[in-house]
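J.: coords please:
(one chain, ligands or ions: 1)
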Amino acid sequence: MNAELVLAIIAVAAVWIGCLYLAPFGRCPKCQGTGHIRRGKGRVKVCPRCKGRRRVQRLGSRTVHRAAFKIRDGQRAPAKYQEDSDGDT
Ligand SMILES: [Zn+2]
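T.: Next up is the predicted model:
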């Protein structure tokens, strides 16, 4: 595996994660974003996948948000610890 390919994969992954973070919900693939599916002659049924909401949470978006929250929490923790130690002395 060459370095350019690895960099390309990393770049694609970074863009994909960024998209997941900014847009965690995507159009429902089952009903094509209509909220219901057609069954036979004019019979319309509420989409079982999105339950009529027309949008579904994209795969991995929950993981991305959890990781982002962990990073933010990790940055805040040392500052709080320093404040606490100053207060004691
Ligand atoms: Zn749907």
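J.: list the buried residues of stretch 23-37.
T.: Neighbour-count burial for stretch 23-37, with 16 or more other C-beta atoms under 10 Å as criterion, is recorded at 28, 31, 35, 37. Heads up, the C-betas are built off the backbone N, CA and C, glycines and all.
J.: where's the residue nearest the centre of the chain relative to the ion, distance?
T.: The geometric centre of the chain, computed from its C-alpha atoms, lies nearest to residue 61 (C-alpha atoms, centre = their mean), at 1.8 Å. With distances taken as C-beta to the ion, to the nearest Å, residue 61 is found 17 Å from the ion.
J.: now swap in residue 2 and tell me
T.: With distances taken as C-beta to the ion, residue 2 is found 42 Å from the ion.
J.: likewise residue 44?
T.: Between residue 44 and the ion the distance, using C-beta to the ion, works out to 12 Å.
J.: give me the phi and psi for the closest residue in space to that residue that isn't next to it in sequence.
T.: Once its chain neighbours are removed from consideration, residue 44 has its nearest residue in residue 36; the separation is 4.9 Å (C-beta to C-beta, 6 or more residues apart in numbering). As for residue 36, its main-chain torsions (degrees, to the nearest 10) stand at phi -150, psi 160.
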